[in-house]
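Student: my questions are about this predicted structure, shown below with the sequence.
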Amino acid sequence: MSDQKTEGRALSEEELQDLVSSSDAGARNPEGSVGTFLAIIAITWSVFQVILASPLANYILPGSVINNSRQIHLAFAIFLAFMAYPALKSSPRNYIPIQDWIMAGVGSFIALYGYFFYQKIVNSGGLADNTDKWFALAGLILLFEAARRALGPAMAIIATIFLMYVFFGSSELVPDVIRWGGASLKKAMSHMWITSEGVFGIALGVSTKFVFLFVLFGALLDKAGAGNYFIKMAFGALGHLKGGPAKAAVVGSAATGLISGSSIANVVTTGTFTIPLMKRVGFTSEQGGAVEVASSVNGQIMPPVMGAAAFLMVEYVGISYVEVITHAFVPAAISYIALVYIVHLEAVKRNMPVLGDRVVSMGKTIGGMAAFFVGFAALCYGVQYPVRAITSVLPASGLILCALVFLAYVALLYLAAQVPDLEPDDPHAKEVELPVVGEIYKSGLYFLLPIIVLVYFLMIEQKSPGLSAFWATTLLFVILLTQRPLKAIFRGESETVERFKDGIVDLLQGLVDGARNMIGIGLATATAGVIVGTVTLTGVGQVMADLVEFLSGGNLILMLVMVGLLSLVLGMGLPTTANYIVVSSLMAGVVVELGAQSGLIVPLIAVHLFVFYFGIMADVTPPVGLASFAAAAVSGGDAIKTGFTAFFYSLRTVALPFVFIFNTDLLLIDVTLVQGILVFVISSIAILVFTAGTMGYFVTKSRIYESVALVLIAFSLFRPDFFLDRIQPPFAQVQPTALAEAVDAAAPGSELRIVLNGPDFDTGELKDTTLVLPISETPAGARMDELGLLTFEEEGKLVVEEPLFGTPFATTLQGYDFYGDEYVTVKEVKAPADQMPKELLFIPGLLLLALIFFAQKARASKQGVPA
């Protein structure tokens with residue numbers, strides 16, 4: 001890819017597709033009988049995953065297959081990796097060498113080792129014998145080689161380093177702080193390959209259960225033609241505005257992010273059309289590419305279908321996918337709002353021309369788009385009432401609902417048949433005719449049906465992600481098979497049979513695409529399992545906590561910066577999913593623990609989203625950001641400059657994680673509906689103000705002090721509690737020995753905070769931990785017993801005894817040595833103090849914003865600058 005950068009040449013369509021395929025699905029695509037065989041394997045994998053996710057899985061598949069589905073999933077991924085990805089750049093592309101066939105076969109067999117020898121492994125209690133350990137070691141070597149081919153060398157190198165640490169962690173070459181006893185080959189291989197602690201752990205399980213179906217859903221939706229429809233609609237709605245192609249790129253990429261979990265594929269899919277048009281209205285090659293990169297990468301954080309890491313959060317954090325979506329919604333939405341504003345400011349600064357001759361007001365456009373999204377959300381929410389009415393009254397309601405969905409599909413398809421099929425436009429044409437939304441919207445309304453089904457099952461019925469994706473994918477099967485022949489019938493054409501055959505080809509190709517797109521994710525989750533297994537086997541996670549605490553000096557912000565930098569550095573060589581697994585496994589608990597020691601209670605989901613956001617930034621950041629290289633290949637610009645510009649445009653994605661760590665309202669944690677709406681409105685204003693401050697342009701070009709003021713205003717809107725806590729402290733200090741009285745006097749529903757001080761179990765050094773004590777309706781006098789805190793006074797101090805097993809804080813306090821020379825004591829007791837509502841501090845921030853607005857407006861009118 002570096003050659004593309006230096007040449008500064010835009011690649012052809014064929015070269016771009018080769019770039020995407022080599023990055024996402026493998027550069028090798030043999031023809032003839034071998035190609036057919038590999039297509040059959042890919043289709044078989046997709047069909048197996050669909051059946052596995054279906055409600056009938058227990059009736060169709062044997063129990064042994066379901067129990068070992070992770071092994072089968074990995075066997076397919078390894079086999080196709082050696083088939084699709086050449087070993088070296090010089091390796092053949094049009095045929096598969098014999099050594100790759102051998103490695104594919106052996107790798108698949110060893111992946112299935114736990115399936116073939118399931119009973120033997122169960123009888124041995126999951127411990128490897130001398131035969132098992134050699135098979136496991138060979139499996140790891142082949143897995144690392146498959147990962148090297150599909151994901152680049154970084155993943156395999158990092159996993160190898162962690163594996164070496166397992167074996168040689170006791171060596172004198174290893175620093176004292178992370179040295180451990182080491183493990184035998186038999187013990188290590190048991191942990192990594194035979195049990196579910198390593199390769200076949202949670203990450204691969206999530207890939208098997210959830211991720212495959214969503215990747216397949218995207219591949220089928222794209223094959224049906226939804227990608228082109230979304231891009232056309234975005235251009236029809238926004239293309240005529242100042243900087244319209246860039247705004248359309250942002251919205252189109254957000255919609256395409258629903259289809260493609262790959263930022264590279266997203267860049268090329270939408271960028272081949274949007275980037276030339278952006279250059280046409282005045283964006284440089286690097287700016288056009290950067291806009292496409294920033295909007296495409298952010299597709300992974302946009303609910304309801306987020307990147308694969310979101311499904312891992314379900315397992316790692318222990319919450320439902322609906323809760324993950326809810327917490328992620330506001331940051332994702334305001335991030336995209338800010339990106340639209342960024343390109344608007346770029347267009348206004350440069351006074352860019354508009355495309356076409358249509359004149360539509362910005363207010364009308366925003367109103368129309370807002371109405372569409374609100375209407376779509378209302379439809380997804382409102383459909384539950386007729387569904388519940390049918391299910392409560394009619395027998396065989398499932399069949400009736402399927403019939404009604406099919407009738408709705410046929411009706412929408414009939415509408416689509418009344419207008420011509422959408423053809424991709426040529427962005428290089430002399431005259432660019434922007435689509436008219438009122439004329440083209442009918443052609444693809446039926447593409448919304450699978451999305452409605454998906455959102456309905458996820459959000460309303462709250463079914464598992466896998467089952468929700470199964471029903472949406474099943475509807476896509478029907479659409480792909482029938483859309484062409486039914487359109488032919490509605491249009492009175494005679495080629496119905498040929499169109500049905502085309503539909504079968506589309507479906508089969510979609511199944512192949514879904515499987516090939518999953519190769520890298522399957523291998524990434526499996527290889528990352530080695531890293532997770534190392535953490536659980538060696539206990540290096542706790543050592544990392546001590547190391548990070550030492551390096552950061554216990555400063556939470558400095559530690560968060562270090563975690564962010566670690567994500568960016570690892571992300572230079574790892575895909576987002578693997579990056580998230582590695583960093584969250586090592587650092588999530590550390591952030592929560594050090595946050596508690598600093599007096600800040602950080603919800604686990606906030607930490608995981610923090611890691612996730614920085615993980616996706618790695619696709620942007622030079623020198624390796626793959627999405628930036630893909631955009632440069634489309635635009636003909638410099639890849640490094642494109643990456644730096646995209647990083648600048650993505651500053652809000654860097655800032656938001658720091659905001660929601662300290663202000664969890666942004667994640668809609670413990671907020672009412674009215675508060676949630678207020679949070680969304682204020683945070684939208686805040687991100688726009690932050691954008692204006694960092695772009696140096698608001699109504700007109702900002703002076704330095706105005707830019708600084710805008711950033712400070714944004715901070716005050718995001719973190720009003722920061723200033724309020726300095727005006728009115730949130731807690732009143734209580735004597736530690738009066739803890740029981742304070743707990744009994746506290747109002748039910750409130751929270752007390754106590755700071756414990758005592759010797760660390762491992763090091764013996766004194767450490768602080770903050771506990772939040774929730775006050776329940778339990779009568780006074782029994783509350784301390786309910787909390788499980790056993791205390792006594794000693795020399796004027798309140799001493800805490802070891803909590804009993806099963807009590808609320810038993811796990812939290814297990815890091816203390818309760819039987820050492822030093823006692824564990826209550827250092828501070830903080831009772832809630834009366835504070836005015838923090839929302840009142842929005843008023844001075846908004847007044848200062850209004851002052852800057854009117855000052856700039858007056859200056860702009862004097863200078864004759866259009867607002």
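Tutor: Perfect, thanks for sending it.
Student: the closest residue to Val743 other than its chain neighbours: what's it in contact with?
Tutor: Nearest non-adjacent residue to Val743, counting by CB to CB, 6 or more residues apart in numbering: Arg783, 4.9 Å away. To be clear about C-beta, it is placed using only N, CA and C from the backbone, and glycine gets the same treatment. For Arg783, the contact set (CB atoms under 8 Å, 6 or more residues apart in numbering) comprises 743-744, 775-776.
Student: which two in those are spaced the farthest apart?
Tutor: Asp744 and Ser776 (11.9 Å; CB to CB).
Student: quick one, which of the two is more surrounded?
Tutor: Comparing Asp744 with Ser776 by other CB atoms under 10 Å, the one with more neighbours is Asp744, at 15 against 12.
Student: tell me the pLDDT of that one.
Tutor: Note for Asp744: predicted pLDDT of 86.
Student: what's the helix or strand containing Arg726 packed up against?
Tutor: Using DSSP states H and E, Arg726 maps to helix 720-727. Secondary-structure packing of helix 720-727 (3 or more CB pairs under 8 Å, 6 or more residues apart in numbering; DSSP states H and E): helix 704-718.
Student: list the buried residues in stretch 714-730.
Tutor: By neighbour count on 16 or more other CB atoms under 10 Å, the buried set for stretch 714-730 is 714-720, 724.
Student: make JSON lines out of those residues and add pLDDT and distance to Ala39.
Tutor: What follows is these, written out as JSON lines (pLDDT from 0 to 100; distance: CB to CB, whole Å):
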{"residue": "Ala714", "pLDDT": "93", "distance to Ala39": "52"}
{"residue": "Phe715", "pLDDT": "93", "distance to Ala39": "54"}
{"residue": "Ser716", "pLDDT": "92", "distance to Ala39": "58"}
{"residue": "Leu717", "pLDDT": "93", "distance to Ala39": "54"}
{"residue": "Phe718", "pLDDT": "92", "distance to Ala39": "51"}
{"residue": "Arg719", "pLDDT": "90", "distance to Ala39": "54"}
{"residue": "Pro720", "pLDDT": "90", "distance to Ala39": "57"}
{"residue": "Leu724", "pLDDT": "88", "distance to Ala39": "62"}
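Student: closest to Ile141 out of those?
Tutor: Using CB to CB, those come closest to Ile141 at Phe718, 48.5 Å.
Student: any idea of the mean pLDDT in the host helix or strand of Ser585?
Tutor: Using DSSP H and E, Ser585 sits in helix 576-597. Averaging pLDDT along helix 576-597 gives 77.
Student: same question, stretch 485-497
Tutor: 88.
Student: list the buried residues of the helix holding Ser585.
Tutor: For helix 576-597, burial by neighbour count (16+ other CB under 10 Å) applies to 576-597.
Student: pull the contacting residues for Ile390.
Tutor: 397, 400-401, 404.
Student: that should have said Ala308, apologies.
Tutor: 206-207, 211, 214-215, 261, 521, 525, 576-577.
Student: turn those residues into a markdown table, columns for secondary structure and distance to Leu547.
Tutor: Below are the contacts of Ala308 laid out as a markdown table (DSSP: H, G, I helix; E, B strand; the rest coil; distance: CB to CB, whole Å):
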| residue | secondary structure | distance to Leu547 |
| --- | --- | --- |
| Val206 | helix | 28 |
| Ser207 | helix | 30 |
| Val211 | helix | 32 |
| Phe214 | helix | 36 |
| Val215 | helix | 36 |
| Gly261 | coil | 33 |
| Ile521 | helix | 30 |
| Thr525 | helix | 26 |
| Thr576 | helix | 25 |
| Thr577 | helix | 25 |
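Student: neighbours around Lys120, how many?
Tutor: Neighbours of Lys120 using other CB under 10 Å come to 13.
Student: so how far is Tyr113 from it?
Tutor: Distance of Lys120 to Tyr113, computed by CB to CB, to the nearest Å: 10 Å.
Student: how about the strands of the protein, start to end?
Tutor: Secondary structure of the chain by DSSP state E: the strands cover 731-734, 751-759, 766-774, 791-794, 797-800, 825-832.
Student: now render the ones you listed as CSV, adding mean pLDDT and distance to Leu566.
Tutor: Below are the strands of the chain laid out as CSV (pLDDT from 0 to 100; distance: least, CB to CB, whole Å):
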stretch, mean pLDDT, distance to Leu566
strand 731-734, 87, 33
strand 751-759, 88, 28
strand 766-774, 84, 23
strand 791-794, 88, 39
strand 797-800, 90, 34
strand 825-832, 88, 31
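Student: Phe658 is nearest to which of the ones you listed?
Tutor: Using CB to CB, the nearest of those to Phe658 is strand 766-774, at 20.0 Å.
Student: helices or strands up against the closest one?
Tutor: Strand 766-774 is packed against helix 576-597, strand 751-759, with contacts defined by 3+ CB pairs under 8 Å, 6+ apart.
Student: right, and Asp421 touches Lys442 too?
Tutor: No - Asp421 is beyond contact range of Lys442, at 11.4 Å (criterion: CB atoms under 8 Å).
Student: report the helix or strand with the lowest average pLDDT across the protein.
Tutor: The weakest-scoring helix or strand in the chain, judged by mean pLDDT, DSSP states H and E, is helix 2-7 (a mean of 39).
Student: separation between Pro832 and Ile754?
Tutor: 13 Å.
Student: of these two, who's got more company?
Tutor: Neighbour tally, Pro832 and Ile754, criterion other CB under 10 Å: the higher count belongs to Ile754, 24 against 15.
Student: contacting residues around that one?
Tutor: 736, 739, 770-771, 773, 826, 828-830.
Student: what's the closest of those to Val348?
Tutor: Minimum distance to Val348 across the contacts of Ile754 is 47.1 Å, recorded for Thr770 (CB to CB).
Student: what bridges to that closest one?
Tutor: Val755 (DSSP bridges).
Student: show residues contacting stretch 183-202.
Tutor: 70-71, 74, 113-114, 121, 126-130, 132-133, 135-137, 139-140, 143, 163, 166-167, 169, 205, 312, 315-316, 526-527, 529-530, 532-533, 536-538.
Student: rerun at 6 Å
Tutor: 70, 121, 126-128, 132-133, 136-137, 139, 166, 315, 526, 529-530, 532-533, 536-537 (CB atoms under 6 Å, 6 or more residues apart in numbering).
Student: shaky segments in the stretch 501-650 of the chain?
Tutor: Counting by pLDDT under 70, the ranges of the stretch 501-650 of the chain that qualify are 541-542, 544-546, 554, 571-574, 597-599, 622-626.
Student: with Val532 as the reference, measure out to the residue nearest to Phe376 when sequence neighbours are not counted.
Tutor: Nearest non-adjacent residue to Phe376, counting by CB to CB, 6+ apart: Leu448, 7.2 Å away. Remark: distance between Leu448 and Val532 (CB to CB) = 38 Å.
Student: stretch 268-278: how far from the chain's middle?
Tutor: 24 Å (CA atoms, centre = their mean, to the nearest Å).
Student: what is the mean pLDDT for it?
Tutor: 76.
Student: same check, this time on stretch 421-441
Tutor: On average, stretch 421-441 scores 73.
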